[in-house]
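S.K.: what's the 3D shape of this:
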Amino acid sequence: MPYQLYLVPPEGFEPPSDTLEECCLVQLDHSGKIYFVNKCMPTPNLTYENFPHPPEEVIKAIYECARSQPNTFIIEYAPQIKIYDPTAIISKWVSSIFDFPHKVDVRVISGNLDIHTDLDRTVAYNYHLETGGSNVTTDFYDSEDNLVDSYVVPEKQWVKLNVTIPHAVNNIEKGKLRIGLSVYDIKPELTRAEIYKFIRTHYRRNGAKSVEDVRRWMAERGVMRNKTK
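M.R.: I've put the predicted structure just below:
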């Protein structure tokens, strides 16, 4: 489940002795900040953020990426997902907004996304120029695939998502596209255990035909590392 996060030390917080072992320190987003985690207090899976809207030249560049850049995400059982590398105009503007190490890409979604977690990132900041319909939901689930949270995110609104929680996108309308920016943290080098956990919980659920299929996707996305433990 998601956890409540505090900057360390949390002002005025004194954990009771019987829950002390439920608390820990983590570095969450590569900003250099250390966070205190209290596992007893859930935090939202999705929050609305007040980052600036992209200027007109960036908006034009996003659409131009979708028209002319090669799709870098080619998976036979997920043809509804297309991901494009950003142009210099997009990268420069995003770097002026997000001051931590990050990646950014342009994403175009033409159909619903099944329940999944993200392997190569923990937090995503999304901004949709088009949402793909009037009632498209971003849904979050527990470990048994029970719906626990649902949001209808409006267009032209920054949102922050915890993408380590099982989530899905539903109700994308036929003939419409969900298009926009996705900015995310650079996740530390993955261990072999993390890779195979992801395979079990994500790709088997969504129809992967083989481990090699998953490995190929991870290599293409820069997720696989040479040094795994």
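S.K.: use CA for all of it now, contacts and neighbours both
M.R.: OK.
S.K.: determine the longest helix present in this protein.
M.R.: In the chain, taking DSSP state H as the definition, the longest helix is helix 56-68.
S.K.: which helix or strand lies directly C-terminal to that helix?
M.R.: Once the chain leaves helix 56-68, the next helix or strand it forms, by DSSP states H and E, is strand 81-84.
S.K.: show me the contact partners of the next helix or strand after that next one.
M.R.: Moving toward the C-terminus from strand 81-84, the next helix or strand (DSSP H and E) is helix 88-97. For helix 88-97, the surrounding residues in contact (C-alpha atoms under 8 Å, 6 or more residues apart in numbering) are 51, 52, 54, 57, 58, 61, 62, 104.
S.K.: what about the fourth one, how many neighbours?
M.R.: For residue 57, the tally of surrounding residues (other C-alpha atoms under 10 Å) stands at 11.
S.K.: ok, the last one next?
M.R.: Close neighbours of residue 104, defined as other C-alpha under 10 Å, add up to 20.
S.K.: you'd agree it is up against residue 183?
M.R.: Yes - with contacts counted by C-alpha atoms under 8 Å, residue 104 reaches residue 183, the gap being 4.4 Å.
S.K.: overlap in contacts of those two?
M.R.: When C-alpha under 8 Å, 6+ apart defines a contact, no residue borders residue 104 and residue 183 alike.
S.K.: got the contact list for stretch 119-129?
M.R.: 29, 154-164, 178-187, 195, 198, 223.
S.K.: how much space between the spatially closest residue to residue 181 that is not a sequence neighbour and residue 126?
M.R.: Leaving aside its sequence neighbours, residue 181 sits nearest to residue 106 (C-alpha to C-alpha, 6 or more residues apart in numbering; 4.8 Å). Look at residue 106 and residue 126: by C-alpha to C-alpha, to the nearest Å, they are 10 Å apart.
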